[in-house]
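Student: No letters, just coordinates:
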């Protein structure tokens, strides 16, 4: 699990706050992902970065803003969240070699448990 | 559209007994299938994956999964369950579209192993 780290592990914020989640991968991967995990729902893919370029944005509200300054770091900036945004936010990384024929394995961090009051 | 279904919200098994966690999939091309496990307050841990070849895939912690093309299933199995296997298990399929490595996850199955 130390291959992908996330900070903070827990976060409580008010709806008017601004905060950021951080993810760092030590695996030499070139793709990183943000997922949202809510109770009783499948994992929801939020964003995908490949070679530091955002390649997927799954209709995520603009109050979530990702940033990938380099291939090892991924941030999720949070602004004016709603209580329904409370969830476990998971970061993952993989070595993307391109194409649908390359089923690379994603490795996950421990997540940030977010509570929006 | 591709999809993954885990028909059981929870599976209960006694320690020492064999366990099966079910997964069925729907894809148009060749399926690339994964199993992950999540322990409380932890991220997902990779268990195993099927790409091609042998229908029986062996993975971490003594788990294996059987790929069955005719039944479009990829059930997770273990011959003898441990209490420490109690966790949330996710099946996933690789998204065929694009090059992003996107996975489509099932809703998860809670495995409860009782002593």
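Tutor: Perfect, thanks for sending it. Bear in mind that the values here come from a model prediction, so they are computed numbers and not experimental data.
Student: What is the neighbour count of residue A:42?
Tutor: Per other C-beta atoms under 10 Å in any protein chain shown, the neighbour tally for residue A:42 reads 17. C-beta here means a position set from N, CA and C on the backbone, and glycine is covered the same way.
Student: My guess is it contacts residue B:103. True?
Tutor: No: assessed by C-beta atoms under 8 Å, residue A:42 is found out of contact with residue B:103, at 10.5 Å.
Student: end-to-end on stretch B:63-82?
Tutor: Using C-alpha to C-alpha, to the nearest Å, one end of stretch B:63-82 lies 11 Å from the other.
Student: Residue B:58 reaches residue B:64, doesn't it?
Tutor: Yes: judged on C-beta under 8 Å, residue B:58 makes contact with residue B:64 at a distance of 4.8 Å.
Student: Name the residue in those two with the higher neighbour count.
Tutor: Per other C-beta under 10 Å, whichever of residue B:58 and residue B:64 has more neighbours is residue B:64, with 16 against 10.
Student: Give the bridge partners for that one, please.
Tutor: Here residue B:64 sits in beta bridges with residue B:58, residue B:77, going by DSSP bridges.
Student: OK, contacts around it?
Tutor: With contact taken as C-beta atoms under 8 Å, 6 or more residues apart in numbering or on different chains, residue B:64 is in contact with B:48, B:56-58, B:76-78.
Student: Mind doing that once more with 10 Å?
Tutor: For residue B:64, the contact set (C-beta atoms under 10 Å, 6 or more residues apart in numbering or on different chains) comprises B:35, B:47-48, B:56-58, B:75-79.
Student: close to chain A, is the lowest-mean-pLDDT helix or strand in chain B?
Tutor: Scoring the helices and strands of chain B by mean pLDDT, DSSP states H and E places strand B:103-105 at the bottom, with a mean of 90. Yes: using C-beta under 10 Å from any C-beta of the partner chain, we find that strand B:103-105 touches chain A at B:103-105.
Student: Who does that strand pair with, and is each partner parallel or antiparallel?
Tutor: strand B:87-94 (antiparallel).
Student: How far away from the center of its chain is the partner strand?
Tutor: Averaging C-alpha positions (C-alpha atoms, centre = their mean, to the nearest Å) puts strand B:87-94 5 Å from its chain's average.
Student: again with stretch B:17-32
Tutor: Mean-position distance between stretch B:17-32 and its chain equals 7 Å (C-alpha atoms, centre = their mean).
Student: Also stretch B:58-74?
Tutor: 7 Å.
Student: Check which residues of it are buried.
Tutor: Using 16 or more other C-beta atoms under 10 Å in any protein chain shown as the test for burial, stretch B:58-74 gives B:59, B:63-67, B:73-74.
Student: do the same with stretch B:24-35
Tutor: B:24-25, B:27, B:31-35.
Student: repeat for stretch B:38-53
Tutor: Quick answer for stretch B:38-53 (16+ other C-beta under 10 Å): B:38, B:42-50.
Student: returning to that earlier point: what touches both of residue B:58 and residue B:64?
Tutor: Jointly contacting residue B:58 and residue B:64 under the rule C-beta under 10 Å, 6+ apart are residue B:48.
Student: Could you double-check that residue A:104 lies in contact with residue A:27?
Tutor: No: under the contact definition of C-beta atoms under 10 Å, residue A:104 does not touch residue A:27, with a separation of 11.2 Å.
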